[in-house]
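Peer 1: Structure, please.
(2 chains)
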Amino acid sequence: MSSSLAVKPQQATPPPAKRSRRQVSTLPLVAPSVVVLLLWMIVPLAMTLWFSFQRYNLLNPDARRFIGIENFTFILTDPGLWTAIGITLILVASVLAITIALGTLLAVLFDQDFPGRGIARVLAISPFFVMPTVSALIWKNMLMHPVNGLFAQITRGLGLGAIDWFADFPLLAIIIIVSWEWLPFALLILLTAIQSLDREQLEAARMDGANAIALFRFVMLPHLSRAIAVVAAIETIFFLTIFAEIFVTTGGGPGLATTNLAYYIFLKALLEFDVGGASAGGLIAVILANIVAIFLMRSVARNLDT
Amino acid sequence: MARKNSRLWLWTLLGWLAAAILFFPIFWMFITSFKTEVAAVSTPPQLFFQPTLENYVAIQTRADYSIYAFNSVAVSLGSTILALLLAVPAAYAMAFFPTKRTKGTLLWMLSTKMLPPVGVLVPIYILCRNLGLLDTRIGLIIIYTLINLPIVVWMIYSFFKEVPKEILEADRMDGANTQQELRHVLLPLALPGIASTALLSIILSWNEAFWSLNLTTADAAPLTAFIASFSSPQGLFWAKLSAASTLAIAPILIFGWLSQRQLVRGLTFGAVK
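Peer 2: Coordinates of the predicted model:
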């Protein structure tokens, strides 16, 4: 991405004074990884950039020609793109809010010592290891189906009628599914962070007469703030390109109700075969992701000492 | 004492309630896989029923199921081995012989992870098509290796950094050469870390569903794509879908349970320990 950061590892030349440092040339060890990643980063991105200035349709590849910024003016004036960006932002913001708020509460809960905590924790983090296509289809068919789904059966049994989730609240349904998949991630990371909290500090605060809410507000939350920032950044990068859950449930619909940026580009690329337009959309996705990535990279860099 | 006791009860209740709610969809899928197709959609939903293995038999006898399962295994193992072969030397060099470029290299590797897959969907699709890698296991293995390589490097790097320098120094004083040092000292110490890194890499590859859905159709399609094929509306095969899903997630669920602690390190690039 930011190719200015691309660096070739230097030959290690340890100072001769340090006898225990063996003379090892690290270049051949690091170079393979660096080279493949460099190719992986630069080649597709350069191609995306190149294609975005061309009229290029896979159904009619001979009509390919340079058209300047026409792809950009076309998709930037396409209301579908702005809808997709809006849906992407709603999706990211809602799932972030849900997973971090509930994840923090659950992390505090699972930090307590209660009988069977180990097993309960294992059960609670399980959804994270379920492949996205399975998660989406469990929810779509067995839980949210308007006729035979469990939710509909329960609400009808209570005389409340049934909700047709994917027709009436499609985006909410996607938000619920993705939150279910990622809440365990937030829980797992935040629980690890809480457990690194100094117990003596907690005890001291308790001795000073702090109640549970004050403890949480003034001791735990400040301690967790960095972990929360990391969770938010990592999740955002994944949420910007939610795809499989939409692919197997709503297919972006009804209408464009659940077409996020990833799905919009997918429709352009592999259904309309519009390489130029999809590439222009891809660049917009890259720019959005980069804005988030900068925050994550800063947070990680601060914690890294080599 | 009574107050402490009631608090313990409250925590126990809340903890188990949260676990039950989060795990419920998986549990429901699991028991549905032992129902007949009719029982799976019955009203009211049945919690107690005569269990049957017919769905598992039906899935196993579908000739193509074994192809999908094999593809998943081949692609996740292949990409994990390839990523380890690339990452272990790099992590070793950067952990034990850091230069002033090491930090920059590590951060740059991480930054490649920030590239959203949709941003490069078109060129990767066209490259794979032109190179004959579309719908091949090799194509997926290459892509998964590249996707997971930064995480694998980071995780192994952080495990290597934890190896106490004194042990290596002492061994050197005893006149061990680099090879002996690697084999007898470093490898045994780092093996648990490498194993949990491999587990994370397998989990991520197994569950990857953007490239597998976009780059495979039949020959190289892994289980993620197989399950997605159940989303078409013709007929409701919930019991069979449940059985196929249970088979598809069971190994990874167990891997995840085994390595939950170490996963945090890999998933946050060492930013949370």
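Peer 1: what residues does the stretch 201-306 of chain A put near chain B?
Peer 2: Contact residues (C-beta under 8 Å from any C-beta of the partner chain) of the stretch 201-306 of chain A with chain B: A:226-227, A:230-231, A:234, A:237, A:240-241, A:243-244, A:247-249, A:261-262, A:265-266, A:269-270, A:275, A:278-279, A:281-283, A:285-286, A:288-290, A:292-293, A:296-297, A:299-301, A:303-304, A:306. Where you see a C-beta, it was placed from the backbone N, CA and C, and this is true even at glycine.
Peer 1: now the longest helix seen in chain B: how far from the chain's centre is it?
Peer 2: When chain B is parsed with DSSP state H, its longest helix is helix B:63-96. The chain centroid and the centroid of helix B:63-96 are separated by 10 Å under C-alpha atoms, centre = their mean, to the nearest Å.
Peer 1: In the stretch 151-273 of chain B, mark out all the helices, start to finish.
Peer 2: Shown for the stretch 151-273 of chain B, the helices assigned by DSSP state H, counting those that start in this stretch span residues B:165-173, B:178-180, B:187-207, B:211-215, B:223-228, B:238-258, B:260-267.
Peer 1: Just send those back as CSV, with mean pLDDT, distance to residue A:144 and mean neighbour count too.
Peer 2: Below are the helices of the stretch 151-273 of chain B laid out as CSV (pLDDT from 0 to 100; distance: least, C-beta to C-beta, whole Å; neighbours: other C-beta atoms under 10 Å in any protein chain shown):
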stretch, mean pLDDT, distance to residue A:144, mean neighbour count
helix B:165-173, 73, 55, 13
helix B:178-180, 72, 58, 11
helix B:187-207, 88, 21, 20
helix B:211-215, 91, 21, 23
helix B:223-228, 89, 17, 25
helix B:238-258, 89, 13, 21
helix B:260-267, 76, 28, 21
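Peer 1: In CSV: those helices, plus distance to chain A.
Peer 2: Listed next are the helices of the stretch 151-273 of chain B as CSV, based on distance: least, C-beta to the nearest C-beta, whole Å:
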stretch, distance to chain A
helix B:165-173, 5
helix B:178-180, 6
helix B:187-207, 4
helix B:211-215, 6
helix B:223-228, 4
helix B:238-258, 4
helix B:260-267, 5
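Peer 1: Just put those in a markdown table and tack on distance to residue B:131.
Peer 2: Formatted as a markdown table, the helices of the stretch 151-273 of chain B follow (distance: least, C-beta to C-beta, whole Å):
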| stretch | distance to residue B:131 |
| --- | --- |
| helix B:165-173 | 43 |
| helix B:178-180 | 37 |
| helix B:187-207 | 20 |
| helix B:211-215 | 12 |
| helix B:223-228 | 20 |
| helix B:238-258 | 29 |
| helix B:260-267 | 30 |
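Peer 1: could you dump stretch B:125-140 to PDB, C-alpha only?
Peer 2: In PDB, the C-alpha atoms belonging to stretch B:125-140 read as follows (Å, rounded to 0.1, in the frame of the first residue of the first chain):
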ATOM      1  CA  TYR B 125      -9.200 -12.300 -11.000                       C
ATOM      2  CA  ILE B 126      -7.700 -11.300 -14.300                       C
ATOM      3  CA  LEU B 127      -4.200 -12.400 -13.300                       C
ATOM      4  CA  CYS B 128      -5.500 -15.800 -12.200                       C
ATOM      5  CA  ARG B 129      -7.500 -16.200 -15.400                       C
ATOM      6  CA  ASN B 130      -4.500 -15.300 -17.600                       C
ATOM      7  CA  LEU B 131      -2.100 -17.600 -15.600                       C
ATOM      8  CA  GLY B 132      -4.600 -20.500 -15.600                       C
ATOM      9  CA  LEU B 133      -4.900 -20.300 -11.800                       C
ATOM     10  CA  LEU B 134      -8.700 -19.600 -11.700                       C
ATOM     11  CA  ASP B 135     -10.500 -22.400  -9.900                       C
ATOM     12  CA  THR B 136      -7.300 -24.200  -8.900                       C
ATOM     13  CA  ARG B 137      -6.000 -25.200  -5.500                       C
ATOM     14  CA  ILE B 138      -2.600 -23.700  -6.300                       C
ATOM     15  CA  GLY B 139      -4.200 -20.300  -7.000                       C
ATOM     16  CA  LEU B 140      -6.000 -20.300  -3.600                       C
END
